[in-house]
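1. quick one: sequence and predicted model below, then my questions.
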Amino acid sequence: MAGGWLISTAVISALMVWARIASETDHPTLAGTLEGISHNPGFYGLAGVARLVSGLTLVAAAWCLMKTWIIRQRLGSPLVAWLLGMSGGCTAISGLASLWLAMTVPLFLPVASGPEVSAFFETALSARELSGKTGFALAGLALIVASRSQWKVGGTLRQVSPGSAILGTTMQFIWVDSATPVHPVVGAVFFLWLLVVGTMLVTGRHPDDMATVRRT
């Protein structure tokens, strides 16, 4: 179940990125961003819904991870699940903010040039961005903590342990504006990580195989 939810998170996140790009709302100015949302509320709203759902599926994955034998047998840290759960919660909040903007900006854009309305939308956009970045960074921290557990569990998971540590570290650069050009690359690698680890969990060994894991 945990692996299935991680795979779902990856697939829905890919839909979110596609819809966000199609909405053409990434502009350097507030006026340009609001105009883009007003012209493409459908795609921007779809991106918001996908972001919301991907956050919820990540929360579900975290909840299931808490019940896996890897954590129950103390081979993995519960902190990984907690960090992923908080990441999913922040991502869901970001999705809600995007969805709200998609529904309200087209209605109020004619008066959005006023200082009070502009400031309100700017605050909403900042909240969407902050919660999204926080969710991404928390997921990166989860990967860093998970890398140790993956190495401890052994087997196939040990093979992705170094990659988890490196990827989790690079995900913290989401806070560095000058690193913006590499963010899509890091996001794509995180997408692959979700698919790979999700698949490993789906096809993973049963608790009956603990002796094999310990020998590894």
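-> Cool, the structure landed. Every value quoted in this text rests on a predicted model; they were computed, and no experiment measured them.
2. which residues touch the host helix or strand of residue 17?
-> Taking DSSP states H and E as the criterion, residue 17 maps to helix 2-23. Residues outside helix 2-23 that contact it (Cβ atoms under 8 Å, 6 or more residues apart in numbering) are 26, 36-37, 40, 43-44, 46-47, 50-51, 53-54, 57-58, 60-61, 64-65, 67-68, 88, 95, 187, 191, 194-195, 197-204. Bear in mind the C-beta positions are built from the backbone N, C-alpha and C, glycine included.
3. next, the buried residues of the lengthiest helix in the chain.
-> As assigned by DSSP state H, the longest helix anywhere in the chain is helix 115-153. Neighbour-count burial for helix 115-153 flags 121, 124-125, 127-128, 131-132, 134-147, 149-153 (criterion: 16 or more other Cβ atoms under 10 Å).
4. tell me what that helix is packed against?
-> Here helix 115-153 touches helix 30-39, helix 41-65, helix 78-108, helix 155-170, helix 183-202, going by 3 or more Cβ pairs under 8 Å, 6 or more residues apart in numbering; DSSP states H and E.
5. so of these, which one's packed in deepest?
-> helix 41-65 (a mean of 22; mean count of other Cβ atoms under 10 Å).
6. now that helix, how far from the chain's geometric center?
-> 8 Å (Cα atoms, centre = their mean, to the nearest Å).
7. where does this protein dip in pLDDT?
-> Scanning the chain for pLDDT under 70 picks out the ranges 69-70, 73-76, 110-117, 153-154, 156, 205-216.
8. run the last query once more with 80
-> 31, 68-77, 108-119, 149-159, 179, 204-216 (pLDDT under 80).
9. which residues touch the most centrally placed residue in the chain?
-> Of all residues in the chain, the one closest to the mean position by Cα atoms, centre = their mean is residue 136, 5.1 Å from it. Applying Cβ under 8 Å, 6+ apart, we find residue 136 in contact with 87, 91, 171, 174, 187, 190.
10. distance to residue 77 added to the residues you listed, as JSON lines?
-> Output for those, formatted as JSON lines (distance: Cβ to Cβ, whole Å):
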{"residue": "87", "distance to residue 77": "15"}
{"residue": "91", "distance to residue 77": "21"}
{"residue": "171", "distance to residue 77": "18"}
{"residue": "174", "distance to residue 77": "23"}
{"residue": "187", "distance to residue 77": "25"}
{"residue": "190", "distance to residue 77": "20"}
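11. what's the closest of those residues to residue 160?
-> Using Cβ to Cβ, residue 190 is the member of the contacts of residue 136 that lies nearest residue 160, at 12.6 Å.
12. just checking, the closest one touches residue 168?
-> No: with contact defined as Cβ atoms under 8 Å, residue 190 does not reach residue 168; the gap is 9.1 Å.
13. what residues are shared contacts of the two?
-> Counting by Cβ under 8 Å, 6+ apart, the residues touching both residue 190 and residue 168 are residue 139.
14. give the helix, strand or coil label for residue 25.
-> coil (DSSP: H, G, I helix; E, B strand; the rest coil).
15. including distance to residue 1, could the helices and strands packed on helix 115-153 go into TSV?
-> Listed next are the helices and strands packed on helix 115-153 as TSV, based on distance: least, Cβ to Cβ, whole Å:
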stretch	distance to residue 1
helix 30-39	36
helix 41-65	4
helix 78-108	13
helix 155-170	17
helix 183-202	9
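16. quick check: the gap between the closest residue to residue 2 other than its chain neighbours and residue 183.
-> Spatial nearest neighbour of residue 2, chain neighbours left out: residue 64 (3.7 Å); criterion: Cβ to Cβ, 6 or more residues apart in numbering. Taking Cβ to Cβ, to the nearest Å as the measure, residue 64 and residue 183 are separated by 28 Å.
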